[in-house]
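> build me a structure from this.
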Amino acid sequence: MKYSFLLLIAAATLLGACESSQTETTARTEPSATEAANQAPAAVPSAEVPAAAAPATPAVAVKLDGSALYASTCQACHQASGQGLPNAFPSLVGSPRVNDAEGAQLVTIILNGYNERDEYGMMPGYASSMTDDKVAAVATHVRNSWGNTGTPVSADFVRKLRATTK
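Numbers count the residues shown, from 1 in each chain. Coordinates of the predicted model:
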């Protein structure tokens, strides 16, 4: 009974510490009235300058994590090890379809799916749900994991294959 009471006190103390920590974080992220007054006002486009003449903000390239995309899209069937599941989903390790010269076979399979081998389940295509950048990131990850030694796949390469395999 004595330990239950101590455990209850410890939990209440931790809960109180978490709440005060969240309050402090909120207080630090919101500028005070003085800080807000000292900040420069946002730029307002002038009526004299047409919006089209305003300088464009350069696009920031975001590098996609092929490993994370693989984990969320492919791993359930092909497993974290890339070994697949016997009599259900093929291994990606050392696969000629993964390691072809340019990656065209793998990209085509990712885009359109695959159902050519009776001993394995059907793989759905991801052309409608994955961008060229995402397909390139996943394909590059697969081609460079588990001992595979394929060259990286670019989004431009995926875009060209997508256009020819619709």
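> let me see the contact set for Q83.
Going by Cβ atoms under 8 Å, 6 or more residues apart in numbering, Q83 touches S91, L92, V93, W146. Quick note: C-beta positions are derived from backbone N, CA and C, even for glycine.
> so can I have TSV of the residues you listed showing neighbour count and distance to S81?
Below are these laid out as TSV (neighbours: other Cβ atoms under 10 Å; distance: Cβ to Cβ, whole Å):
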residue	neighbour count	distance to S81
S91	16	9
L92	23	9
V93	18	8
W146	16	7
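> can you pull out the helices in this structure?
Assigned by DSSP state H, the chain shows helices spanning 2-29, 33-38, 66-73, 75-78, 104-112, 132-143, 155-164.
> check these for me: which has the lowest mean pLDDT.
When those are ranked by mean pLDDT, helix 2-29 comes last with a mean of 36.
> could you dump stretch 81-88 to CSV, C-alpha only?
Extracted as CSV, the C-alpha positions of stretch 81-88 are listed here (Å, rounded to 0.1, in the frame of the first residue of the first chain):
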residue,chain,number,x,y,z
SER,A,81,15.5,-7.9,-45.2
GLY,A,82,14.4,-7.8,-48.8
GLN,A,83,14.1,-11.6,-48.7
GLY,A,84,10.3,-11.7,-49.3
LEU,A,85,8.2,-14.5,-48.1
PRO,A,86,8.6,-18.0,-49.6
ASN,A,87,5.7,-19.0,-51.9
ALA,A,88,4.1,-15.6,-51.4
